[in-house]
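return a 3D structure for these sequence lines:
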Amino acid sequence: MQEELWSSDDPRLRQDGSLEDARAIVAAYSAADPHQREERRRILAFIDAHPDALLRSCLEGHLTTSALVLDAPRERALLTHHRKLGLWLQLGGHCDGDGNLVRSAWREATEESGIEGLAIDPSPIDLDIHTIPARGSEPEHLHLDVRFLVHAPSGAVESISRESIALDWFAPGELGEIASDESVARLFRLAFPGRV
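Model (predicted):
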């Protein structure tokens, strides 16, 4: 079955979203294992307890979105060497008040990759809650990350943003050769079944 993809001309990518919209996306996520069911439960509980969960000003934590960008033949994924964390990670960032989590992930992927014409699968592929260490005046806090698959058009050329040290494409077999984390490995297993 062909998945539905939203691209830049899709009106759903121009719609604002509320916290209720964000909650509905997380609630509808089809968790494949006990860990993902627990992440879904924790994110829903956090949303219910924090009416400001879409905002960075929610100091305990906030919703974020990210995207694993696949090349057109679906052989490699684009990762960023994150300037602050020093790891190769998927693209993503803060929702900044927008509960349209699909749009947030698509926007972050477009901004951080510099690639025009990205298309996003609107169904999350993964959920991940991780701790961001204190930095400057910002206290330690949680990122409650809702993750999506994004597809690059044929011939896509990436362009580095100020948030990255580098961008590069990696095949599943190359993931073990770079500094990354288990959540990225999990994304690769989901995006490239049987190849990691």
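
alpha carbons only for contacts and neighbour counts from here, please
Will do.

quick one: low-confidence parts of this protein?
Across the chain, residues meeting the criterion (pLDDT under 70) sit at 1-3, 196.

top helix in it by residue count?
As assigned by DSSP state H, the longest helix anywhere in the chain is helix 34-49.

what residue is smack in the middle of this protein?
The centroid of the chain falls nearest to Ser66 when counting by Cα atoms, centre = their mean (1.2 Å).

what ranges do the helices span in the chain?
Taking DSSP H as the criterion, the chain carries its helices at 19-28, 34-49, 101-113, 182-191.

these: which one's closest to Ser164?
helix 101-113 (8.0 Å; Cα to Cα).

returning to what we had before: okay, the helices of the chain in TSV with distance to Pro139 and mean neighbour count next?
Formatted as TSV, the helices of the chain follow (distance: least, Cα to Cα, whole Å; neighbours: other Cα atoms under 10 Å):
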stretch	distance to Pro139	mean neighbour count
helix 19-28	23	17
helix 34-49	18	16
helix 101-113	23	25
helix 182-191	23	16
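
as TSV, these with distance to Ala134 would be great.
Listed next are those as TSV, based on distance: least, Cα to Cα, whole Å:
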stretch	distance to Ala134
helix 19-28	26
helix 34-49	20
helix 101-113	23
helix 182-191	20
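
quick check: which of the ones you listed is nearest to Ser154?
Across those, Ser154 has its closest neighbour in helix 101-113 (14.5 Å, Cα to Cα).

so the residue nearest to the centre of the chain sits against Gln90, correct?
Yes. Here Ser66 reaches Gln90: they are 6.6 Å apart, a contact under Cα atoms under 8 Å.

the longest helix of the chain to helix 19-28, inter-axis angle?
Following axes from the mean of the first three to the mean of the last three Cα atoms, to 10 degrees, one obtains 160 degrees for the angle between helix 34-49 and helix 19-28.
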